[in-house]
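Chemist: Compute the structure for the input listed below.
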Amino acid sequence: LNDTETNGRDVLHPGKATVPKTEIREKLAKMYKTIPDVMFVFGFRTHFGGGKTTGFGMIYDSLGYAKKNEPKHRLARHGLYEKKKTSGKQRRERKNRMKKVRATPKANVGADKQQIEKHLFLKIARTLRKHSWNFTAFLSSAAPIISQFGQ
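Modeler: Sure thing, here's the model as predicted:
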């Protein structure tokens, strides 16, 4: 990745408990002359006896590039991603409905009609591409469907 710098970090903190990640991000931002928002630090482990912590850091050139490439759980820690909240009962009911369906339709359980149509369209497109059939002719005939999905 050209827009990313990955590196392992040793943080020395003698006589002090583990340093917060926000503090580490701020120090690294000063070192690399950037803003803390594009820095993602994770995987820190304090060594036995204290005084030293080791972890990883990712530094991105832009926030947009970071949003595109970072996993959602790390974005959520920074407040850049909000997970859809569903109740436990809804998740359980969906899981149990999925048990009653075989193979591909599992993706369609609990989905609305547009999502199902999009899923089927993409499946057809993959099949055409795989068998190298006339993909462009298919796309031109399917243009009204594609415009619905914003692709």
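
Chemist: any idea how the protein splits into domains?
Modeler: Under the TED database, the residue ranges defining each domain of the chain are 6-78, 88-131.

Chemist: Now stretch 3-14: buried residues?
Modeler: By neighbour count, and taking 16 or more other CB atoms under 10 Å as the criterion, the buried residues in stretch 3-14 are residue 11. C-beta: built from backbone N, CA, C; applies to glycine.

Chemist: How far does that stretch sit from its chain's centre?
Modeler: 22 Å (CA atoms, centre = their mean, to the nearest Å).

Chemist: Any idea which of the domains of the chain has the lowest pLDDT on average?
Modeler: Per-stretch mean pLDDT for these is lowest at domain 88-131 (a mean of 77).

Chemist: Please state the offset of it from the chain centre?
Modeler: Going by CA atoms, centre = their mean, where domain 88-131 is centred and where its chain is centred differ by 20 Å.

Chemist: One more: stretch 58-75?
Modeler: So, by CA atoms, centre = their mean, the centroid of stretch 58-75 is 9 Å from its chain's centroid.

Chemist: For that stretch, which outside residues touch it?
Modeler: Around stretch 58-75, the neighbours that count as contacts under CB atoms under 8 Å, 6 or more residues apart in numbering are 1, 3-7, 28, 32, 34, 37-42, 80-81, 83.
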